[in-house]
Every structure is written in C-alpha cells, then in structure tokens.
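Peer 1: A predicted structure for the sequence below; I have some questions about it.
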Amino acid sequence: MAAPNQSAVYLSTSINRAVDTIWEELTEVLKEAGVSYTQNASKRIFTLANGSRIWVSGIENKKQANKIRGRIRRTALVCIDEAQDWPTELLRYTYQVVIWPTLADVGGRTILGGTGTAPRGFWFEHTRKPEVSVHRWTMFENTRGVSDAAAVLTKAIADKGIEVIDLTHIIETGAVDLDSEIAQEYFCRFVAGQKQIFHLTRAKNTYDPAKLPGGTWYYVIGIDPGTVDKFAIVVWGWTDASPKLYLRAYEAVSGLGTGEAIAMVMRYVEKFPPVALVSDPATGGAAYVIDLQDRFGLPAEAAEKDGKVSAVLTMRDAIRRGEVLIPEAELPEDETQPQGEFARTLQTPEWDVTQVQKSLKGHMPDLVDAALYGYRKARPFDYVPPATPETEEERVRRRLYEVSAERQRAVDEILGVFNAA
C-alpha cells in the first residue's frame, strides 16, 4: 500500500506449491489489514485499491524463468521462497539474470527464504554475501504457527531412532552434532548431509601456500575437456617429505578452442612438470591425449573411468582423513566470505538419494572430474616416515640382542660340523 501502482511477486519452485503456500495467507492478511482488493485466481494476482499488484507464481526451469521477465514491471519486492529446494543454477539464473535487472526502475529489493542445506550452492553462498542482511528464526520463535516446538522436535528425533538425552543441548547447538536433516530443517543450519559426497573443513583440508613442505615434488595434471560446461584442469602435487596430497593449481574456462586449450595445458606443464597427464578420452578428449603425446612428448594418457563410484569413495575418505589439502584461501576463516571455486564446486556432487554410496546424482562438474582423474593417478605417494632416533636404552638392548644372535649362529655352525662328522 506504500507503493502505488507497483508490484510485489512471490515465487516458489512451482506454481502449485506457491499457491498452496501463500494464497490463503495473503487473503487473510489483506482482510486483517482492512485493505480493499480484487483477485484473479486464474492469473494468481491480487490487485489492491491503490493500483498495486501481488502476483503469485512458480519457476521450474529456465524457460519458465525467461517467460516472467516481461511480466515483472515496476516491481518493489520479489520474494523467492523455499530456496533450499531450487536447483542451484536455476536459482542463480533467476536471481541474477531475471529478477535483479527488473528491480532497477523503482529500486526494488528481494527476499530469499528457506531452510538450511549442505554448505554449498547459490542459496548458501547468498547468505554469506556481506551486502545481504541475514535473519534467522526457527520453530521455537514461530509462536503463531507452532504450538509446542519442543514436542515437535522430540518426535522428529525419535522418528529417526535417535535417543534424546539432552534436548536443551540439542536446541542450543542447533542439532549440528546430532543429525544433518534435523539441523537443516528445524534449525536452518547449513551442514553437510548424507547426500553430499565431498565435505571439506578448514581444520583438516587446508594448507598455507607459503609453508609448503620441502623434498622432491611430483605432479599429476588432470583434464576434463568439458562437454557440459567448462574445460577444466587440476594440478595435484606431492612430495617425499609429506604424506599429504596438495592441490597446487586449477582452472575452469568456457568456450575454448582446441588450440587455446592446448596452450592452457602447456602453461601448467611448464610450471608443474608432470609425471603423468590424464584426460577424459570421451567426446574428443582422446585428441588432446594424442596431441600432447605426439607434438610435445608429454606423459599423456587416457583417464581411468571404470569404477568411478569406488574412486569417488576413495577420494572422499582421503578428504575425511585430512590426506587431501587445498589452499586455505579456498575455505575462508570468516564464513561470511565466499568460498573459492574449487572448494565450492567440489562440494556440489550428491549421491542418488535412493542409492547413497552406490550411484551418483546427475552430471559431475568438469572441475570435479578433472580432480578425480588426477587423484586416481597421483596415488600412491612416495612419502616414507623418517626413522625415530634410537634412545640409549634401545641401543643397549639392540646390541645385546645382536651379540646373542651372533653367539647362537656360532653354536649352530659348530653343531652342524659335529653332526656332519
């Protein structure tokens, strides 16, 4: 009502979901506020007495997103709801390409709302932007919609077969150490869930590039030519002075021609001379392997693609154990800052919800494929733990054992000669 002849838009993951979520509530709110309005149920539009409109709709794909561009005029507010359920690229496209430009004429604003997810994707990244005002609330603050939040939470935990020992502690910690789905849905926390494959932590999986270990370094370069999005290259390095595998460099670029792609690879070869260079041979990737072998004499070969799920599990567990390290700038200490492209992309792949640890969900990003190809070739490492200095007590015991063994050998030789005679 404060913005005559302007619009407010409510968007969800589908038209039906949007209508089911907000239509009746909008009707109640307008009546309670004493605002005169007319409604067009077929077009899902409320028209207020001052000429402003409230439009309720949904977006399921880019085609639908593009259709609403011309319909959003003089828009003061766009609410994008259930952000956790939008495909991340569709949410990014809708917000950056469709919504944001339409707000310029009247200086409109946006509200994104939803529950928590795994710490990745556009929804998570958006809440970390310094220019975004973040507001959190849970069902414990929702006194209008939830009559007994503690009872609801207790039953949700019990339904998962989890024993509730200290409900107060669970509420205070947001259930982050109890169950990922409870933490996401009931406390709006961004925590890794069962479906997410790779999960990085700053404590276990980062290193300071200024403090790399010494020793002899070896490098493997993984390449994915990028049939879906980008030409990706990842450089893994390891040294005989450390048991860890280090991400030394990476890049993912769209729209490269063959010559440009080869030039890009050679830049990394010059900086990180590889013991092996592996490329996805599918859909033209074999040409890169042949070119790098014949023209440049590089140790190029086709990447191993069989047993991909097993390889994913192996790399996932190495990450969990802290054996795989990436530059610390990829995972900023301040969680409000955006993650690096590699960290963000690596945490994108998910398991098929019905085949966890057995089947991957959809296409794996090219940068992740390149990392996986290189990882499979980089192992095993050449690291040998240094010998522990011998104490004086250990030296004496070792010498006594050696003397005893020498005496036993002498006795055996004498007895052998006697028996032979």
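Peer 2: Thanks, I have it. Numbers count the residues shown, from 1 in each chain.

Peer 1: ramachandran angles for the residue nearest to the spatial centre of the chain?
Peer 2: Nearest to the mean C-alpha position of the chain, counting by CA atoms, centre = their mean, stands residue 347 at 1.6 Å. Here is the backbone geometry of residue 347 (degrees, to the nearest 10): phi -90, psi 10.

Peer 1: so what's it up against?
Peer 2: 118-120, 192, 196, 198-200 (CB atoms under 8 Å, 6 or more residues apart in numbering). The way it works is simple: take the backbone N, C-alpha and C, and place the C-beta from them, glycine included.

Peer 1: tell me what the longest helix along the chain is packed against?
Peer 2: What stands out as the longest helix in the chain, according to DSSP state H, is helix 392-420. Helix 392-420 sits against no helix or strand, with contacts defined as 3 or more CB pairs under 8 Å, 6 or more residues apart in numbering; DSSP states H and E.

Peer 1: what is the mean pLDDT for it?
Peer 2: Mean pLDDT, computed over helix 392-420, is 79.

Peer 1: cool, stretch 168-182 as well?
Peer 2: So the average pLDDT for stretch 168-182 ends up being 84.

Peer 1: same deal with stretch 302-313?
Peer 2: Rounded mean pLDDT across stretch 302-313 is 89.

Peer 1: what are the buried residues along it?
Peer 2: Residues of stretch 302-313 classed as buried by neighbour count (16 or more other CB atoms under 10 Å): 302-303, 311-312.

Peer 1: ok, and what's touching it?
Peer 2: By CB under 8 Å, 6+ apart, stretch 302-313 touches 197, 222-223, 278-282, 285-286, 289, 349, 357-360, 372-373, 375-377.

Peer 1: so what's the gap between it and the chain middle?
Peer 2: Counting by CA atoms, centre = their mean, to the nearest Å, stretch 302-313 is centred 19 Å from the centre of its parent chain.

Peer 1: export that stretch as CSV, just CAs?
Peer 2: Provided in CSV are the C-alpha atoms of stretch 302-313 (Å, rounded to 0.1, in the frame of the first residue of the first chain):
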residue,chain,number,x,y,z
ALA,A,302,43.5,-41.5,-21.1
ALA,A,303,42.0,-41.1,-17.7
GLU,A,304,40.7,-44.2,-15.9
LYS,A,305,36.9,-44.1,-15.9
ASP,A,306,35.9,-47.6,-14.8
GLY,A,307,34.8,-48.0,-11.2
LYS,A,308,34.0,-44.3,-10.8
VAL,A,309,31.9,-44.8,-7.7
SER,A,310,34.7,-46.7,-6.0
ALA,A,311,37.2,-43.9,-6.9
VAL,A,312,34.8,-41.3,-5.5
LEU,A,313,34.6,-43.2,-2.3
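
Peer 1: thanks a lot, see you next time.
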